[in-house]
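> With the input below, show me the fold.
(one chain, ligands or ions: 2)
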Amino acid sequence: MKNSPFIYGVTVTRKSFTNRENEIKKLTDNLLGGINTMIISPRRWGKSSLVEKVADLIKSKNPRIKVIILDLFAVNTEEEFMEKFATEVLKASSSKWEEWVKNAKRFFKNIVPKIQISVDPVNNFTISFDWQEIRQHGNEILNLPEAIAKQKKIRMIICLDEFQSIAGFRNYENFEKKLRSVWQRQKDVTYCIYGSKRHMMSEIFDNPSKPFYRFGDIIMLPKIEREKWISFICDSFAGSDKVISNENAGLIADLMQCHSWYVQQLSHYTWNNTQKQASKSKIDKALNELKSANLPLYQRDAESLSPTQLNLLKAVAHGELQLTSVSVMNEFRLGTPHNVSKNKEILINLDIIEKSGNSYVFLDPVFELWFRESFT
Ligand SMILES: Nc1ncnc2c1ncn2[C@@H]1O[C@H](COP(=O)(O)OP(=O)(O)O)[C@@H](O)[C@H]1O
Ligand SMILES: [Mg+2]
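Ligands and ions are numbered 1, 2, ... in the order given. Just a heads-up that it's a prediction; the model follows:
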């Protein structure tokens, strides 16, 4: 039997990647044209997959352009950032580890990097710095890609995933200024910066009083359209000797509100349940499996909310528009108007709800289904 053609939980680039033609073109043109680009969307819509895809395309066609992807998700301090940044830039500078070491010594003037190489040098090259030196001469590290690119007559594209992590660094505001002032002067390095937590990313890039304002182009990554999902699902079934009707493929896209990760997940469960021809009852069964698979996460999320936050979420689920009107506040026991606005902010910061037009909507379509069944 063939394997499921649907993939979720890891980034997809070749297999299982669909659509995004416009975004691929735009991002490729920008990065090749030296335009720094920010990509913003809620998590699991496909930012990392898109960037990896574009990185592969650029690398395969341009040997003199080095593309680096840094995931900042687990990076908690400026020091860690600097070490990771320097390590990956040096690694991209050459295919030989001897040269990484040489470059590390050559390109730093005031900083003395401590280099470690272990048995498997390809995967185990790490660099660390003295914290005092980073403080005084951090610019040397931030400027490393430009220095190397000039010297070696190459270009670098540096992709920084989960960039909003830096907002949690101590002394973050100074750090942000430093990044911007060094990076904006670089000619041979282009940055692609992306992350979930939409409000945080917008705050970093879209606020005129912040250093990264107008750093480059902002792409608000949309969902993949329903029609594209339908052909993707139908083709993927057909390619693995099974069948699904357009109508049922549309049902999967609709139930998951075209959310990339969930469309793949529900398609996967449906595919698994299907011998030959997918039916509506197989989709129902798959949906139940999907809900139970995610249940522990939803319960954990819901348990971390206070009673008034949960109540606010109920009001949102109920489609209330005027959350601070007296009747809504009473009916759903939302507390004071101050509680409402505070809680609204918290739910938005947690990426549970977002503003859409004049109302609020859930960001996670299956959490929403579960919440409606459990709480309303
Ligand atoms: N272009 C795409 N085509 C098909 N599925 C996609 C696509 N982009 C993302 N996905 C699905 O969504 C999931 C999450 O994608 P990812 O790139 O990790 O999102 P993000 O970085 O925005 O959190 C992937 O594991 C995959 O199942
Ligand atoms: Mg990602």
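
> so which strand or helix has the residue nearest to Gln322 when sequence neighbours are not counted?
Taking Cβ to Cβ, 6 or more residues apart in numbering as the measure, Gln322 lies nearest to Val328, with 5.7 Å between them; neighbours along the chain are not counted. Just so you know, the C-beta spots here come from the backbone N, C-alpha and C atoms, and that holds for glycine as well. For Val328, the element it lies in under DSSP states H and E is helix 326-331.

> Which residues of the stretch 151-300 of the chain lie near ligand 1?
Selection of the stretch 151-300 of the chain residues close to ligand 1 by Cβ under 6 Å from any ligand atom yields 196, 260-261, 264.

> Out of those, which one has the lowest pLDDT?
Minimum pLDDT across these is recorded for Ser196, with 86.

> which non-adjacent residue is nearest that one?
When the adjacent residues along the chain are set aside, Ser196 lies closest to Arg43, with 3.6 Å between them (Cβ to Cβ, 6+ apart).

> Burial check on Glu225, number of neighbours?
Around Glu225 sit 11 other residues, with neighbours defined as other Cβ atoms under 10 Å.

> confidence score at it?
pLDDT, the model's per-residue confidence, is 96 for Glu225.

> where's it relative to ligand 1, distance?
In this view, Glu225 and ligand 1 are 11 Å apart by Cβ to the nearest ligand atom, to the nearest Å.

> Could you do Ser374 as well?
In this view, Ser374 and ligand 1 are 25 Å apart by Cβ to the nearest ligand atom.

> Likewise for Glu173?
Remark: distance between Glu173 and ligand 1 (Cβ to the nearest ligand atom) = 26 Å.

> what sits against that residue?
The neighbourhood of Glu173, defined by Cβ atoms under 8 Å, 6 or more residues apart in numbering, contains no residues.

> In terms of helix, strand or coil, where does it fall?
helix (DSSP: H, G, I helix; E, B strand; the rest coil).

> Leaving aside the residues adjacent along the chain, what's closest to Lys291?
Nearest residue to Lys291, sequence neighbours excluded (Cβ to Cβ, 6+ apart): Trp370, at 5.8 Å.

> what's the spacing between the one you found and Met38?
Counting by Cβ to Cβ, to the nearest Å, the gap from Trp370 to Met38 is 32 Å.

> Those two: who's more crowded?
Met38 (23 against 20).

> quick one: the more buried one is in a strand?
Yes. Under three-state DSSP, Met38 falls within a strand.

> Helix, strand, or coil at Ile193?
With three-state DSSP as the basis, the three-state label of Ile193 is strand.

> all strands of the protein, in order?
Ranges of strands within the chain are 37-40, 65-71, 114-117, 125-128, 155-161, 189-195, 217-220, 353-356, 359-362, based on DSSP state E.

> And the third one, what does it pack against?
If I follow you right, that is strand 114-117. helix 97-107, strand 125-128 (3 or more Cβ pairs under 8 Å, 6 or more residues apart in numbering; DSSP states H and E).

> what residues are up against the closest residue to Glu176 other than its chain neighbours?
On the basis of Cβ to Cβ, 6+ apart, the spatially nearest residue to Glu176 that is not a chain neighbour turns out to be Pro211, at 5.2 Å. When the contact criterion is Cβ under 8 Å, 6+ apart, the partners of Pro211 are 176-177, 179-181.

> Recalculate using a threshold of 10 Å.
Shown here is Pro211, whose contacts under the criterion Cβ atoms under 10 Å, 6 or more residues apart in numbering are 173-181, 184, 204-205.

> Include mean pLDDT when you put the strands of the chain into TSV, please.
Formatted as TSV, the strands of the chain follow (pLDDT from 0 to 100):
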stretch	mean pLDDT
strand 37-40	96
strand 65-71	97
strand 114-117	84
strand 125-128	84
strand 155-161	98
strand 189-195	97
strand 217-220	94
strand 353-356	90
strand 359-362	94
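
> Tabulate those (JSON lines), appending distance to Lys291.
Formatted as JSON lines, the entries for these read as follows, by distance: least, Cβ to Cβ, whole Å:
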{"stretch": "strand 37-40", "distance to Lys291": "28"}
{"stretch": "strand 65-71", "distance to Lys291": "29"}
{"stretch": "strand 114-117", "distance to Lys291": "46"}
{"stretch": "strand 125-128", "distance to Lys291": "42"}
{"stretch": "strand 155-161", "distance to Lys291": "29"}
{"stretch": "strand 189-195", "distance to Lys291": "28"}
{"stretch": "strand 217-220", "distance to Lys291": "29"}
{"stretch": "strand 353-356", "distance to Lys291": "20"}
{"stretch": "strand 359-362", "distance to Lys291": "14"}
